[in-house]
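Asker: let's see this in three dimensions:
(one chain, ligands or ions: 1)
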Amino acid sequence: MQHRRSSRAGVPRKRSMPAAMPARRCLVFHRLSGRYAFESCFSAPESQRNPFMTARLEVIVGPMFSGKTERLIARLHRAQYAKKRVRIIKPAHDTRTQGYIASRAVLPDGTTQVTDQLSAVMVHNEEDFWHVVHLNKFDVLAVDEAQFFPLDEPMRDSLGWFGRAIRRLLRERRDSSLRIIVAGLDMDFAEEPFGPIPGLLAIADSVEKLTGVCMICGSDAGYISHRLISDEKQLVVGDAGEYQVRCRSCYQPPRKHA
Ligand SMILES: [Zn+2]
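Answerer: Residues are numbered from 1 along each chain as shown. Here you go, the predicted structure:
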């Protein structure tokens, strides 16, 4: 009896959980007993929290036609298959697809064809964002074309309202299995960092940087969306007719930015 008592000495007594607390369980390591045990995540001290139960930010970047949305949709299909609740948003500024995100293939004649799509909520501003986030529960938040969410004017930081909202959401739900997956262009047509994406890359847990096929030389090193039309504004929503994926060798910076 004595032996049994001493071997359990390091294991804290199970406390009854208030009804309001979610019954989520984490595998917690107890140093004194040298054993693992399932416990409520909320009762585990900071040092004993399960490192696998933490909110994550994944960012997928690359030029246009590099397969960012295709990769995003593949991750979402997988999450849905695992019975995760998925919420998808995109900036209302993107007028090419309203109410859904779509992966597209570029055909030999230069036109594009939708290969897969999922419904999305269009978000105009921060108020919209928090409304969608608080609507009902979700496990995965996906954001496509996030470069269209603007930075502050005058510039306050490299995150803008959208990046700060993502950071706040990660902090609020840090001890959960929340996944936020953001896809977008990391650079604009002039090789300038684009909107909140570079700031999000800095705070991300994982980053996937894709390349496309260079439309001039055919190499797989296409890293920028070269603009074919002469417009100096950063935000020009366009498609295969207005932009071309190019590698560093084939890219020509616009005169003002050369
Ligand atoms: Zn090239």
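Asker: can you pull the residues of this protein lying near the ion?
Answerer: Residues of the chain lying near the ion by CB under 5 Å from the ion: 214, 216, 217, 247, 250. Placement of C-beta: from N, CA and C, glycine included.
Asker: can you name the two of the residues you listed that are farthest apart?
Answerer: Among those, the pair separated by the greatest distance (CB to CB) is 216 and 247, at 7.5 Å.
Asker: neighbour count winner among the two?
Answerer: It is residue 247, of residue 216 and residue 247, that has more neighbours when counted by other CB atoms under 10 Å, with 22 against 16.
Asker: now that one: how far from residue 134?
Answerer: Residue 247 is 43 Å from residue 134, where distance means CB to CB, to the nearest Å.
Asker: check what pLDDT residue 185 gets.
Answerer: Predicted confidence (pLDDT) for residue 185: 96.
Asker: do I have it right that it meets residue 192?
Answerer: No: using CB atoms under 8 Å, residue 185 makes no contact with residue 192, being 10.7 Å away.
Asker: more neighbours: which of the two?
Answerer: Taking neighbours as other CB under 10 Å, residue 185 and residue 192 compare with residue 185 leading, 23 against 10.
Asker: measure the more buried one to residue 132 for me?
Answerer: Separation of residue 185 from residue 132 (CB to CB): 22 Å.
Asker: residue 214 now?
Answerer: 37 Å.
Asker: equivalent analysis for residue 244, please.
Answerer: Noted for residue 244: a distance of 34 Å to residue 132, by CB to CB.
Asker: out of those two, which sits in the busier spot?
Answerer: Legend: neighbour count by other CB under 10 Å for residue 244 and residue 132, higher for residue 244 (23 against 18).
Asker: what sits opposite the more buried one in the beta ladder?
Answerer: For residue 244, the beta-bridge partners are residue 226 (DSSP bridges).
Asker: that one contacts residue 213, correct?
Answerer: No: if you go by CB under 8 Å, residue 244 and residue 213 don't touch, sitting 10.6 Å apart.
Asker: now do the helices in the stretch 51-200 of the chain.
Answerer: For the stretch 51-200 of the chain, the helices defined by DSSP state H, counting those that start in this stretch cover 68-81, 126-135, 160-172, 197-203.
Asker: need the ones you listed in CSV (columns: mean pLDDT).
Answerer: Below are the helices of the stretch 51-200 of the chain laid out as CSV (pLDDT from 0 to 100):
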stretch, mean pLDDT
helix 68-81, 97
helix 126-135, 95
helix 160-172, 97
helix 197-203, 97
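Asker: closest to residue 122 among the residues of the chain next to the ion?
Answerer: Distances from residue 122 to the residues of the chain next to the ion, taken by CB to CB, are shortest for residue 214, at 32.2 Å.
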